[in-house]
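Chemist: Here is a sequence with its predicted model. Questions after.
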Amino acid sequence: AQSVAQPEDQVNVAEGNPLTVKCTYSVSGNPYLFWYVQYPNRGLQFLLKYITGDNLVKGSYGFEAEFNKSQTSFHLKKPSALVSDSALYFCAVRDYYGGATNKLIFGTGTLLAVQP
Amino acid sequence: GAVVSQHPSRVICKSGTSVKIECRSLDFQATTMFWYRQFPKKSLMLMATSNEGSKATYEQGVEKDKFLINHASLTLSTLTVTSAHPEDSSFYICSANGLAGRNEQFFGPGTRLTVL
C-alpha cells in the first residue's frame, strides 16, 4: 500500500537553529513528493516538490528537501529557523494509482514550533 | 497565479439544514478539484475527487448523499452538506489541479463549518 509517514507529531527548535521535519514514503513506481505548510485556520500552501532530477530541491521561504531513494525519505530542512516558520507541515506523495487526477496521499502532519 | 478561493470562510448553521460551500479557481482552469475534511490537529481526509462535467468520485466511507459535490465548470466546484448534524462540524478544504505544467494541488483557504 502506498503511504507517507511523518514520525514526529511536533518538532521544537530555537530561532536561528537549523530545522528538519522528517518524511518517509512507500510507493509503487517513481515517487512524486510534495511538502505543504498550513498556518492556523488556513488552507495549505505549496512549499516544494520532487519529481525528477536533482535530489536536493529548493522551495519557498528558504526551505529545501532532500530526496533519498535508498532511505525512501524526503526530509524538509531549513538552515536557520524563524519564529514565523511555526506552522503545521504536511508531506505528500502522488497516488500512483490515481490516474491523471494527481490525487495526493498526505502524511499526518508535523507541528513545527520555533521558540524565540 | 494559481489562486483558489472558498466561500464562505466560516458558517454556522442549525442541525438539519443544508450548507453549500463554493470552491473557485480564480486564474486557471481546474480540470480536477478535491474536497478534504480536516479535524483539529489532524491530517487531511480526502472526501472526493471531482472532474468538470462528470460525477464526483467519493472515497470509501464518505456518504454521497450527505456530501453532494457538483463541478459545474472548470473554475467552480461546490460541496453541499445536506441535513447537517453537529458531527459534520469541521474544517473543509478544497484544492484544484490543472495548471499547465504543474502537478501539485493548489488549496483554498478552507471553510469552518459549525453545526449547532
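Modeler: Nice, I can see it. Residues are numbered from 1 along each chain as shown, chains lettered A, B, ... in the order given.

Chemist: next helix or strand past the helix or strand that contains B:C94?
Modeler: Per DSSP states H and E: B:C94 is located in strand B:90-97. Next helix or strand after strand B:90-97 toward the C-terminus (DSSP H and E): strand B:106-107.

Chemist: Tell me the strands beside that following strand, with direction?
Modeler: Taking DSSP bridges as the criterion, strand B:106-107 sits next to strand B:90-97 (antiparallel) in its sheet.

Chemist: Model confidence for residue 57, exactly?
Modeler: As the question left the chain open, I've gone with chain A. The predicted structure scores A:V57 at 96 on the pLDDT scale.

Chemist: ah, I was thinking of chain B
Modeler: B:T57 is given a pLDDT of 91.

Chemist: Near it, how many residues? Count them for me, please.
Modeler: Counted with other C-beta atoms under 10 Å in any protein chain shown, residues neighbouring B:T57 total 17. For the C-beta atoms, the positions are set from N, CA and C on the backbone; glycine is no exception.

Chemist: same question, A:E8
Modeler: A:E8 has 16 neighbouring residues, counting by other C-beta under 10 Å.

Chemist: Hmm, it is touching A:V21, no?
Modeler: Yes. Checked against C-beta atoms under 8 Å, the pair A:E8 and A:V21 is within contact range at 7.2 Å.

Chemist: overlap in contacts of these two?
Modeler: Residues touching both A:E8 and A:V21 by C-beta atoms under 8 Å, 6 or more residues apart in numbering or on different chains: A:T110.

Chemist: wait, what's in contact with whichever residue of chain B sits closest to chain A?
Modeler: Scanning chain B for the residue nearest chain A gives B:F107, at 3.8 Å (criterion: C-beta to the nearest C-beta). B:F107 sits next to A:36, A:43-46, B:4, B:93-95 when contact means C-beta under 8 Å, 6+ apart.

Chemist: got a winner among those residues for most neighbours?
Modeler: Among the contacts of B:F107, B:C94 has the most neighbours (other C-beta under 10 Å), with 31 neighbours.

Chemist: beta partners for that residue?
Modeler: Bridge pairing for B:C94 - DSSP bridges - gives B:W35.

Chemist: Contact partners for it?
Modeler: Residues near B:C94 by C-beta under 8 Å, 6+ apart: B:4, B:6, B:21, B:23, B:33-36, B:77, B:79, B:107-108.

Chemist: go with 6 Å
Modeler: By C-beta atoms under 6 Å, 6 or more residues apart in numbering or on different chains, B:C94 lies in contact with B:6, B:23, B:33, B:35, B:108.

Chemist: helices or strands up against the helix or strand bottoming out on mean pLDDT in chain A?
Modeler: Across the helices and strands of chain A, mean confidence by mean pLDDT, DSSP states H and E is lowest for strand A:104-106: a mean of 90. Where contact means 3 or more C-beta pairs under 6 Å, 6 or more residues apart in numbering or on different chains; DSSP states H and E, strand A:104-106 is packed against strand A:87-94.

Chemist: Model confidence for residue 60, exactly?
Modeler: Unless you meant another one, I'm taking chain A. Listed pLDDT for A:S60 reads 92.

Chemist: that answer is for a different chain, and I need it for chain B
Modeler: pLDDT recorded at B:Q60 is 92.

Chemist: Identify each buried residue in stretch A:30-48, please.
Modeler: A:31-38, A:42-48 (16 or more other C-beta atoms under 10 Å in any protein chain shown).
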